[in-house]
Structure formats: structure tokens, C-alpha cells
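[1] Just need the structure, nothing else, for what follows:
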Amino acid sequence: MSASLSVVIPCYRSHATLPELLRRLTAALETAGHPFEVIFVEDCGGDNTWQVIQELARKDARVRGIKLARNYGQHNALLCGIRAARGEIIVTIDDDLQNPPEEIHKLLAKLQEGHDVVYGSPQSETHGFLRNQASRITKLALQGTMGVESASKVSAFRVFRTRLRDAFEAYRSPSVNIDVLLTWGTTSFSSVNVRQDERLIGDSGYSLKKLINHAINMMTGFSVLPLQIASLLGIVFGALGMLVLTYVVGRYLIAGSAVPGFTFIASIIAIFSGVQLFALGIFGEYLARMHFRSMERPPYTLLHETPAQETAAHSATAQPTSSAHVLQS
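    As a prediction, this is how the structure comes out:
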């Protein structure tokens, strides 16, 4: 019998695409012969997406819906769905139909070669400039733990073995990145090229503010690269300061006069003060994250969950997850 699947879909203002997404998912997975469940996690988008999810769950016992108490972000919603999954393999896919469900079989075939995580890497990016830049920053932060080649293939379209979530079962920080958490459980990553379709309905939920926050979260929440940059800047400008001092002292000893001009002195002070404030800002960002972590703020809280429908198709997935995998509000 084929391995059971849990398809986790974070949803944000996607009421128009979910029925078609579920139809295509069902057709693709039934054709492949996989027992499966679909978990929609509604990230409090403020439209009628939750009502659509409830209706889909009433019609199909393999569909489950979870509504978060407020908007936490895509990766937080994914973490919630991953902890609620009951299948042996978890599939994550976006809600906008840009990731074709018909391509899931490629990822599963690659997974069967012995890998733990397989990404569906788009043959060509269809996101906007800002979204692509944020994606590049994310991949830069991931290179240290995943390797350059694997990090360059990271995408929201992924499959992985459910057992990997044991590595981050106790994770409770409000800053979440699923790809980083997966590196805590394995080093076996791979990818396959998949098609990425144009978004035909709705707009991306990633505003400029969210893109900036996501980039900062990746660089300071899961990497020490900013601290290394601050240290490098300290070394470089410390060396520059020694050169300036050597020049000033040498001029005084040789020519018998100091370096003239307020502009020169003001420029040197401004440069060194700017570097110091930049480094302090980086340290402050890390301290703020330690502060938020000490508050034990959860990565998500649940508001509603669709009633469980125990049917043969539903129970064919896997053993139920323990209650420790779900945070209730």
C-alpha cells in the first residue's frame, strides 16, 4: 500500500482558489493511489476563506480545517498544520494554484530514492522583484546549514517525512521558518524541477513590510551572519582608524602640523559612529529575539477546527497525532 499523505495548505484570502485546488489535488492523488488528507490552515485573512473550508470539509471527510486566532504568517500556519498531520509523508503547497498539484508525483518519486526532504524547484520564477529578493536572502541564510546547492532550490512546494517534526516538536518561538526547522532533523535534501503557473486569481499576501520582516527574521532569527558582518566591519574600520591615526601622527612628526579642516574630522567621526550604531542595532535585534523567546509567546493559537469525520477514507492516513502537537487558545 502507498504511503499515506498529509497535504498542508496555509490559506490567506484564498476563498476563490480553494475549491479548484482541492479538485485538482484529489484527482492527482487518487490517480496515484495514495491515501491522503488535506489540512487547510486559515491564517485569519479577514474574508470568507474559513466558510469555504468548512463547506469543503463537510463534503469530503478527508478535508480538515484549522482557523488561527489571528494572522501569524505563512510559516507559522505551516507549523500548525504540520503538527496536526497524521500521514506518513507531509506535502506543503501554496493556496494560489501556482504550484500544480499534478507535479506532486515528481517530488514523491524523488523522496523514494532515500531522501528526507524534496523541494519542487520552479523552472522559472513568476513572483515580483521584491518577493524574489526576499527569497534570495532566505536562501543565503540557509546556505550554512543546507549547503549552497540545496539552499538554492528551496521553495514552498515540498514533501518530507513526517518523523522529521520530532526534531522541532518543542519549538515555541514566534519566529518560524520551516526550512530551517527541517535542517534540525536531517541533512538529506534534494529537489526536482517543476512547473510554476501564473497567479490568475487574487494578489500575493506578501506586502513590502512583510517581505522586509521576513528577510530580517531569516537573517537574525536563524543565522549569525549579521553578527559576523558586524565583527568584520569592526575589524575593517578599526584598521582604517589605525591608518588615519598613523597618517595624522606621521604628518605632525614630519611636517610639524596637524591635519587641517573640520570636514575631515567630522567625516571620520560620522563614519565610525555610523558603524558603531549599525553594530549596536544588530546586537539589539538579537536581544529583542531573546526577550520575545523568554516571554514564551506561542508561534500560533487556534480559534476553530472543523469537526473530525471518522470514515474509512479518513482513518486510512496514519495514527492520530498526539495532543502535544497542537496549541489550543
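[2] The closest residue to Val176 other than its chain neighbours: what secondary structure?
    In space, and not counting its chain neighbours, Val176 is closest to His75: 4.3 Å by C-beta to C-beta, 6 or more residues apart in numbering. The C-beta positions use only the backbone N, C-alpha and C, and glycine is treated the same way. Three-state assignment for His75 (DSSP: H, G, I helix; E, B strand; the rest coil): helix.
[3] need the helices for this structure, in chain order.
    Ranges of helices in the chain, per DSSP state H, are 18-32, 49-59, 74-84, 104-111, 129-146, 148-151, 178-183, 208-221, 225-255, 262-294, 312-315.
[4] which stretch in those helices has the least confidence?
    Taking each of these in turn, the lowest mean pLDDT turns up on helix 312-315, with a mean of 40.
[5] buried residues in stretch 32-39?
    His34, Pro35, Phe36, Glu37, Val38, Ile39 (16 or more other C-beta atoms under 10 Å).
[6] May I see those residues arranged in CSV, with distance to Ser155 as well?
    Formatted as CSV, the buried residues of stretch 32-39 follow (distance: C-beta to C-beta, whole Å):
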residue, distance to Ser155
His34, 21
Pro35, 25
Phe36, 21
Glu37, 22
Val38, 20
Ile39, 19
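[7] Save those as CSV, and put in distance to Asp96 and pLDDT too.
    CSV is the format used below for the buried residues of stretch 32-39 (distance: C-beta to C-beta, whole Å; pLDDT from 0 to 100):
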residue, distance to Asp96, pLDDT
His34, 23, 87
Pro35, 26, 93
Phe36, 20, 95
Glu37, 21, 96
Val38, 16, 97
Ile39, 17, 97
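[8] Which one of the residues you listed is nearest to Leu243?
    Comparing those against Leu243 with C-beta to C-beta picks out Ile39 as the nearest, at 59.8 Å.
[9] tell me which residues form a beta bridge with that closest one?
    Taking DSSP bridges as the rule, Ile39 bridges to Val8, Arg64.
[10] In this structure it contacts Ala84, no?
    Yes: between Ile39 and Ala84 there is a contact at 5.9 Å, judged by C-beta atoms under 8 Å.
[11] Please state the offset of stretch 156-174 from the chain centre?
    Distance of stretch 156-174 from the chain centroid (C-alpha atoms, centre = their mean, to the nearest Å) equals 11 Å.
[12] Any buried residues in that stretch, and which?
    By neighbour count with 16+ other C-beta under 10 Å, stretch 156-174 contains the buried residues Ala156, Phe157, Arg158, Val159, Phe160, Arg161, Thr162, Leu164, Arg165, Phe168, Pro174.
[13] again with stretch 90-107
    Buried residues in stretch 90-107 (16+ other C-beta under 10 Å): 90-101, 103-104, 106-107.
[14] quick one: it to chain centroid distance?
    The chain centre lies 16 Å from the centre of stretch 90-107; the measure is C-alpha atoms, centre = their mean.
[15] Endpoint to endpoint, it covers what distance?
    End-to-end distance for stretch 90-107, by C-alpha to C-alpha, to the nearest Å: 11 Å.
[16] same question, stretch 253-261
    18 Å.
[17] what's the answer for stretch 39-51, then?
    Per C-alpha to C-alpha, the first residue of stretch 39-51 is 14 Å away from its last.
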